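Q: Need a 3D model of the following:
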Amino acid sequence: MPRQPARVLLAILASLGLASPALADLSLFGSYWDNVARAAAQNDAGKVRQLVTSGNNVVNQVDDDGRTALQIAAINGNLQIAAIVIKAGANLNFKDRLGNTALHYAVDRSQNDMVQLLLDVGAPADPENRNGMTPLMLAASRGNVMAVQALLAKGADARKTDFTGRDAISWAKEGRRPAVIQALQHAVAHR
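A: Here you go, the predicted structure:
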């Protein structure tokens, strides 16, 4: 929608001799709106694919919240968009303003298929956000046994603590998650 007023403005400037008619086809907002993160937020896989194959190295562009297309795909559980941006070279360990990675968001939203995909393509299993929280701590606090098991299988450290001194077992205990507590205790005992 914002493209029409820009064209009218450029056409007026061109008629006054202040701009060339060729500029009338340009959009003043094109680079703002043609952003892979915004396309991911709209769940528009076609637009994401078009943008990442444009050759302009846009795969790690961020939206207004400082999140990449991969982080947004993780939030939404959109495996198709995740696959497109991963294949295009998305940074698997990109941290937003809060220090959260795509894996943090996938765990937080209980997107277990996304968690597995990210781990399978090499996302680090133990990144810390600004509070020192790891995806394992988030999974433990939410009682997500599947994510806990997937993270442990890829080497997440159950003994790692956040800035308050709590580890994943403490988070599971606080959330009264007995199945998660058992899985974490088993992992700690066998390492």
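Q: which intervals of the protein have sub-threshold pLDDT?
A: Along the chain, segments meeting pLDDT under 70 span 1-33.
Q: cutoff 80 now
A: Counting by pLDDT under 80, the chain contains low-confidence ranges at 1-33, 55, 57, 191.
Q: just checking, what packs against the strand or helix carrying I75?
A: Assessed by DSSP states H and E, I75 sits inside helix 69-76. Counting contacts by 3 or more C-beta pairs under 8 Å, 6 or more residues apart in numbering; DSSP states H and E, helix 69-76 packs against helix 36-41, helix 79-87, helix 102-108, helix 112-120. Backbone N, C-alpha and C define where each C-beta goes, glycine included.
Q: Relative to R177, which of the ones you listed is closest?
A: Closest to R177 of these, according to C-beta to C-beta: helix 102-108, at 13.7 Å.
Q: which other residues reach stretch 171-188?
A: By C-beta atoms under 8 Å, 6 or more residues apart in numbering, the residues outside stretch 171-188 that reach it are 137-145, 148-149, 152, 158-159, 166, 168-169.
Q: hmm, which of those residues are the buried ones?
A: The neighbour count (16 or more other C-beta atoms under 10 Å) marks 137-145, 148-149, 152, 158, 166, 168-169 as buried among the contacts of stretch 171-188.
Q: now, among the residues you listed, which is nearest to D63?
A: L138 (21.6 Å).
Q: Verify the contact between that closest one and R109 for me.
A: No: L138 is not in contact with R109 according to C-beta atoms under 8 Å; the separation is 9.9 Å.
Q: sorry, back to before: most tightly surrounded among the helices and strands packed on helix 69-76?
A: helix 102-108 (a mean of 28; mean count of other C-beta atoms under 10 Å).
Q: Give me the distance from that helix to the chain's centre.
A: Centroid separation for helix 102-108 versus its chain: 7 Å, with C-alpha atoms, centre = their mean, to the nearest Å.
Q: and it, what does it pack onto?
A: Secondary-structure packing of helix 102-108 (3+ C-beta pairs under 8 Å, 6+ apart): helix 69-76, helix 112-120, helix 135-142.
Q: Could you list every helix and strand in contact with the second one?
A: Here helix 112-120 touches helix 69-76, helix 79-87, helix 102-108, helix 145-153, going by 3+ C-beta pairs under 8 Å, 6+ apart.
Q: May I see those organised as a markdown table, with distance to A125 added?
A: Formatted as a markdown table, the helices and strands packed on helix 112-120 follow (distance: least, C-beta to C-beta, whole Å):
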| stretch | distance to A125 |
| --- | --- |
| helix 69-76 | 14 |
| helix 79-87 | 16 |
| helix 102-108 | 8 |
| helix 145-153 | 5 |
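Q: Disregarding residues adjacent in the polypeptide, which is nearest to the residue nearest to the spatial centre of the chain?
A: With distances taken as C-alpha atoms, centre = their mean, Q71 lies nearest the centre of the chain, 0.7 Å away. Excluding the flanking residues, the one nearest Q71 by C-beta to C-beta, 6 or more residues apart in numbering is A102, at 4.7 Å.
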